[in-house]
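Enquirer: Return atomic coordinates for the entry below.
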Amino acid sequence: MAATRTANAHWEGSLMEGKGQVSLDSSGIGTYDVSWPARAEEPNGVTSPEELIAAAHSTCFSMALSNELSKAGHRVETIDTRAEVTFQPGKGITGSHLTTRAVVPGLSAEEFATFAEGARTGCPVSSALTGTTITLDASLA
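Expert: Residues are numbered from 1 along each chain as shown. Predicted coordinates:
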């Protein structure tokens with residue numbers, strides 16, 4: 001069964017001086033301010049499309065890694081993943097760097113690296129980001 005999730009954006013003004021809001025409608029968990037300075041300069045308490053993509057990528061990767069490890073019979077205690085999505089004005093999104101640390105008893109560092117690489121290439125958000133560089137720093141905690 002396919003699942004569809006919905007968000008809405010409202011923008012007022014020009015790109016550089018304008019501002020807007022994005023609402024996460026499917027979950028109903030909030031509405032967040034967005035602006036060009038938050039995207040290209042400092043966030044200052046305002047989000048950006050890249051931060052939202054980083055949230056999606058870190059979550060998707062963690063879920064994919066957990067699934068692959070569990071399917072192989074490993075017990076996952078924790079997975080912590082950080083995604084750093086880079087936006088270059090004039091070029092767009094140029095990459096996503098994933099840093100993950102996990103506690104998986106009985107798994108060697110080499111085995112973990114193999115599972116992590118599989119999750120990097122196999123998570124649906126990574127697939128959606130095809131055309132950007134996705135790098136990975138994965139280790140057991």
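
Enquirer: Bridge partners for Leu140, pull those for me.
Expert: Beta bridges link Leu140 to Ala102, judged by DSSP bridges.

Enquirer: ok, now Gly92?
Expert: Going by DSSP bridges, Gly92 is paired in beta bridges with Gln88.

Enquirer: Could you give the number of residues near it?
Expert: Per other C-beta atoms under 10 Å, the neighbour tally for Gly92 reads 11. From N, CA and C alone the C-beta is placed, and that goes for glycine too.

Enquirer: ok, now how distant is it from Ala83?
Expert: Gly92 sits 17 Å away from Ala83, going by C-beta to C-beta, to the nearest Å.

Enquirer: got it, and Ser48?
Expert: 13 Å.

Enquirer: who has more neighbours, these two?
Expert: Set Ser48 next to Ala83 and count neighbours by other C-beta under 10 Å: Ala83 wins out with 24 against 20.

Enquirer: What segments of the protein are helices?
Expert: 36-40, 49-71, 109-122, 124-128 (DSSP state H).

Enquirer: among the ones you listed, which is the most enclosed?
Expert: Of all the helices of the chain, helix 49-71 carries the top mean neighbour count, a mean of 19, counting by mean count of other C-beta atoms under 10 Å.

Enquirer: In terms of pLDDT, where does Leu98 sit?
Expert: On the pLDDT scale, Leu98 is placed at 98.

Enquirer: can you pull the contacts of it?
Expert: By C-beta atoms under 8 Å, 6 or more residues apart in numbering, the residues touching Leu98 are His57, Ser58, Phe61, Thr81, Arg82, Ala83, Arg120, Ile134, Thr135, Leu136, Asp137, Ala138.

Enquirer: what is it paired to in the beta sheet?
Expert: Ala83, Leu136.

Enquirer: what separates it from Leu136, distance-wise?
Expert: The gap separating Leu98 from Leu136 is 5 Å, by C-beta to C-beta.

Enquirer: Name the residues contacting each of the two.
Expert: By C-beta under 8 Å, 6+ apart, Leu98 and Leu136 have these common neighbours: Arg120.
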